[in-house]
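Colleague: predicted model, plus sequence, below.
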There are 2 protein chains.
Amino acid sequence: MALEFKVVKTLDNGLTRAGVIYTPHGAIETPVFMPVGTQGTVKAMTPEELQMVGAEVILSNTYHLYLRPGHHIIAEAGGLHKFMNWKKPILTDSGGFQVFSLGNLREVRDDGVVFRSHIDGSVHYFTPEKAIEVQRALGSDIVMVFDECVPYPCTELEARNAVKRTTMWAERCMKVNLNEEQSMFGIIQGSVFRELRKQSAAEITSLNFDGYAVGGLSVGEPKSLMYEVLDYTVPLIPQDKPRYLMGVGSPDCIVEGIKRGIDMFDSVLPTRMARNGTVFTSKGRLTIRNAAFARDFSPLDPECSCYTCKNYTRAYIRHLIKSKEILGIRLTTIHNLAYTISIVRRLREAIIQGNFNEVAEEILRYYS
Amino acid sequence: MALEFKVVKTLDNGLTRAGVIYTPHGAIETPVFMPVGTQGTVKAMTPEELQMVGAEVILSNTYHLYLRPGHHIIAEAGGLHKFMNWKKPILTDSGGFQVFSLGNLREVRDDGVVFRSHIDGSVHYFTPEKAIEVQRALGSDIVMVFDECVPYPCTELEARNAVKRTTMWAERCMKVNLNEEQSMFGIIQGSVFRELRKQSAAEITSLNFDGYAVGGLSVGEPKSLMYEVLDYTVPLIPQDKPRYLMGVGSPDCIVEGIKRGIDMFDSVLPTRMARNGTVFTSKGRLTIRNAAFARDFSPLDPECSCYTCKNYTRAYIRHLIKSKEILGIRLTTIHNLAYTISIVRRLREAIIQGNFNEVAEEILRYYS
């Protein structure tokens, strides 16, 4: 097993915890937020900037890299780390989410999925084996199983069929050899149905993966419902394995997720919002385009010590965003990632120091 | 006078030379290439990256900053240096070129120009006095006079009228007070008509500016014609003042310009081409989108030591550009600016060392 996980401290609720994941590309302190590098680059950022904002691991997308530039080219380059010049850990998703959500689906069979490329319309066939082979070529540290993620809302029957297929596919993924340095995470589905989550958790955890993700959330359901699902699903995951909540990255959801025992998060939210000119601050969100900031020569967040806040004003960043300048997007992206990673760090520290609730409430005050 | 110019070495032709311009924001070794920061940012670059590629001075555009965010806001921010966090020298153009070329012109009078904003269609009136007042608010180190730049081709009468107006406007610009730390350059017009260039040079240099630009070139005329104009115009500029060829930045034109006694260049070419995926290398231009580079794991230019060439492959950069990723544009921009600045540096060194022709020919071999 290429990955080791150590719990450093667990709170009295038996769920909230701080830990460390050891990978061949370095240690990851958990809880952790993973910036998303969809196409082999976290949009607008260099690897050095990612390190500067404190990123310890990034997520990249199998579906996108398989279609472009193609996993064979990345394998020839010496793997994704080398291709994109990122020396720390990488987690790759399986492509399942994109295959199902990008809407170019042609046929879902028990054996696999036929879909059309969103780039050129070409037809492709993904099986569980194929999804793992592609990730093996990419050389990511953490490989995700190929799963079926249903939308919200969906019927119980749809969710049940997806759970069944997800388990069947997980078993097939398990049989595919990885590189020695790679680890594989299973994914628990079941939509918002308690019995299905229970069934999926039992079936998936019986396969003894290196970690477990809660999938099928953050797909349109109310936040309260997501928290409810976490409440009854997370306790079903073995305590000695990392728990990963897929696709979640808003400050409030991160706090609520950590509270409920989640160790890992990923989301395009901080980077996507940055490109739209919305920034996170310790006093809530801020739409930098607003006329109110035209003559505001203070930093985005006076309490932030990121590169953006140390060197630029709201007035300048507003000007850049309004003028569609790339530097504007770069500066807001740096800030939003630095902010998101910093709150996760603060929460980790608070778990260890024993003041988690206090810090959690401080963040939630401006994000609820 | 805020600016001082020292010639370090002049070649036997009495034209080609190396020098230093001393400004309140630092010294500029000439010949020099100035990256263009149209809207208060060199597209896709931070100030630190500009320093990394060797930029000693940048150009910014009065017309654009006047319209957005407005020069009053930049003055309130403490000037353009502070607004954009750039601590080295800045040269601002007068807005004349944009007013005439962006095609929203409504009326040209001897007194000034009425034009429409390309952003919101609002009507504005620029006079020579106004152009200087805006640049005073921006606080640039080098301020350019308001001139009339005619297109190519144009009739001799059109060119004659523009020369007349340019002189009249230069006299009026001269009478406007600048900040103590600012200097003003005159602009010589006359299109491709030798007598008009002679007249313009005589009139403009009689006003005793801190430096002189050759304007109205690189507006569509053949390169050979541009070199011819330089051949008879540059010798008319006082030797103790910097000579600036506006809007020129291709490797071959830089070499030919330096040969003919030009000290300063600016152009959007390296940054614009970078955004289109075309890069300069020591072996000529390269279109990085080409399929030939899909599996090419060598740097853009094996002889280049810029950040991009040290860390990334052609295959990766091709992938980024094809995927419309911002990092692709960032990496090609860094490289093209580093390349352009490096050839100007090499030519300066060669002037001092006495092997200018050799280095010039080496560059021209791949750019003619």
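Modeller: In hand now; what should we look at? Keep in mind the model is a prediction, meaning the values are calculated, not measured.
Colleague: can you give me the helices in the stretch 151-300 of chain A?
Modeller: For the stretch 151-300 of chain A, the helices defined by DSSP state H, counting those that start in this stretch occupy A:156-174, A:194-205, A:223-233, A:251-259, A:269-275.
Colleague: what about those, which gets the closest to chain B?
Modeller: Closest to chain B of those is helix A:269-275 (C-beta to the nearest C-beta; 8.9 Å). The C-beta positions use only the backbone N, C-alpha and C, and glycine is treated the same way.
Colleague: looking at that closest one now, give me its mean pLDDT.
Modeller: Helix A:269-275 carries an average pLDDT of 98.
Colleague: what does stretch A:249-265 give?
Modeller: Stretch A:249-265 shows a mean pLDDT of 98.
Colleague: list the contacts of residue A:248.
Modeller: A:217-218, A:226, A:254, A:257, A:265-267 (C-beta atoms under 8 Å, 6 or more residues apart in numbering or on different chains).
Colleague: which two of those have the greatest separation?
Modeller: A:226 and A:266 (15.0 Å; C-beta to C-beta).
Colleague: who in chain A is up against chain B?
Modeller: A:39-41, A:43-46, A:68-69, A:73, A:76-77, A:83-85, A:294-295, A:297, A:311-313, A:315-316, A:318-320, A:322-323, A:325-327, A:329-330 (C-beta under 8 Å from any C-beta of the partner chain).
Colleague: tell me which of the residues you listed fall in helices.
Modeller: With DSSP state H as the criterion, helices contain A:73, A:76, A:83-84, A:311, A:315-316, A:318-320, A:322, A:326-327, A:329-330 from among these.
Colleague: are any of the residues you listed buried, and if so which?
Modeller: A:73, A:76, A:83-84, A:315-316, A:318-320, A:322, A:326-327, A:329-330 (16 or more other C-beta atoms under 10 Å in any protein chain shown).
Colleague: farthest pair within these?
Modeller: Those two in these that are separated most widely, counting by C-beta to C-beta, are A:76 and A:315, at 46.9 Å.
Colleague: parallel or antiparallel, which strands does the helix or strand bottoming out on mean pLDDT in chain A pair with?
Modeller: In chain A, no helix or strand scores lower on mean pLDDT, DSSP states H and E than strand A:105-108, which sits at a mean of 82. Each strand that pairs with strand A:105-108, with its direction, by DSSP bridges: strand A:113-116 (antiparallel).
Colleague: which is the succeeding secondary structure element to the strand it pairs with?
Modeller: Past strand A:113-116, further along toward the C-terminus, the next helix or strand under DSSP states H and E is strand A:123-126.
Colleague: give me the distance from that next one to the chain's centre.
Modeller: With C-alpha atoms, centre = their mean, to the nearest Å as the basis, strand A:123-126 stands 24 Å off its chain's centre.
Colleague: strands paired with that strand, and their directions?
Modeller: Counting by DSSP bridges, strand A:123-126 is paired with strand A:113-116 (antiparallel).
Colleague: now the strand it pairs with: buried residues?
Modeller: Those would be A:113-116, for strand A:113-116 by 16+ other C-beta under 10 Å.
Colleague: could I get the helices of the stretch 151-300 of chain A as a markdown table with mean neighbour count?
Modeller: Listed next are these as a markdown table, based on neighbours: other C-beta atoms under 10 Å in any protein chain shown:
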| stretch | mean neighbour count |
| --- | --- |
| helix A:156-174 | 20 |
| helix A:194-205 | 19 |
| helix A:223-233 | 17 |
| helix A:251-259 | 23 |
| helix A:269-275 | 22 |
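Colleague: tabulate those helices in TSV, adding columns for distance to residue B:149.
Modeller: Listed next are those as TSV, based on distance: least, C-beta to C-beta, whole Å:
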stretch	distance to residue B:149
helix A:156-174	65
helix A:194-205	70
helix A:223-233	58
helix A:251-259	52
helix A:269-275	36
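Colleague: of all those, which lies closest to residue A:60?
Modeller: The nearest among the helices of the stretch 151-300 of chain A, by C-beta to C-beta, is helix A:269-275 at 13.1 Å.
Colleague: convert the closest one to CSV, retaining C-alpha atoms only.
Modeller: Extracted C-alpha coordinates of helix A:269-275, given in CSV (Å, rounded to 0.1, in the frame of the first residue of the first chain):
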residue,chain,number,x,y,z
LEU,A,269,-15.7,27.0,-6.4
PRO,A,270,-12.8,29.2,-5.2
THR,A,271,-11.1,29.4,-8.6
ARG,A,272,-14.3,29.7,-10.6
MET,A,273,-15.7,32.4,-8.4
ALA,A,274,-12.4,34.2,-8.6
ARG,A,275,-12.7,34.3,-12.4
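Colleague: which strands or helices does that helix pack on?
Modeller: Judged by 3 or more C-beta pairs under 8 Å, 6 or more residues apart in numbering or on different chains; DSSP states H and E, helix A:269-275 is in contact with strand A:32-37, strand A:278-281, helix A:326-353.
Colleague: ok, how many other residues are close to residue A:298?
Modeller: Close neighbours of residue A:298, defined as other C-beta atoms under 10 Å in any protein chain shown, add up to 11.
Colleague: give me the pLDDT value at the residue lying farthest from the centre of chain A.
Modeller: In chain A, the residue that sits farthest from the middle, by C-alpha atoms, centre = their mean, is residue A:295; the gap is 36.1 Å. Predicted confidence (pLDDT) at residue A:295: the value is 98.
Colleague: contacts only, for it.
Modeller: Applying C-beta under 8 Å, 6+ apart to residue A:295 gives the contacts A:315, B:73, B:76.
Colleague: any weak-confidence spans in the stretch 251-368 of chain A?
Modeller: Judged against pLDDT under 70, the stretch 251-368 of chain A has no low-scoring part.
Colleague: need the contact list for the most centrally placed residue in chain A.
Modeller: With distances taken as C-alpha atoms, centre = their mean, the residue of chain A nearest its centroid is residue A:266 (1.7 Å). Counting by C-beta under 8 Å, 6+ apart, residue A:266 touches A:33-36, A:59, A:91, A:244, A:246-249.
Colleague: what pairs with it across the strands?
Modeller: residue A:34.
Colleague: ok, back up a step: buried set for the least confident helix or strand of chain A?
Modeller: residue A:108.
Colleague: am I right that residue A:8 is in a strand?
Modeller: Yes. Counting by DSSP: H, G, I helix; E, B strand; the rest coil, residue A:8 is found in a strand.
Colleague: residue contacts, the closest residue to it other than its chain neighbours?
Modeller: Among residues not flanking residue A:8 along the chain, residue A:18 sits closest, at 4.6 Å (C-beta to C-beta, 6 or more residues apart in numbering or on different chains). By C-beta under 8 Å, 6+ apart, the contact list for residue A:18 reads A:7-9, A:29-31, A:348, A:351-352.
Colleague: list only buried entries from those.
Modeller: Buried among the contacts of residue A:18 by 16+ other C-beta under 10 Å: A:29-31, A:348, A:351.
Colleague: nearest residue to residue A:256 other than its sequence neighbours?
Modeller: Of all residues not flanking residue A:256 in the chain, residue A:227 sits nearest, at 5.4 Å (C-beta to C-beta, 6+ apart).
Colleague: please apply the same query to residue A:122.
Modeller: residue A:116 is the one closest to residue A:122 (C-beta to C-beta, 6+ apart), at 7.0 Å.
Colleague: same question for residue A:126.
Modeller: Leaving aside its sequence neighbours, residue A:126 sits nearest to residue A:113 (C-beta to C-beta, 6+ apart; 5.0 Å).
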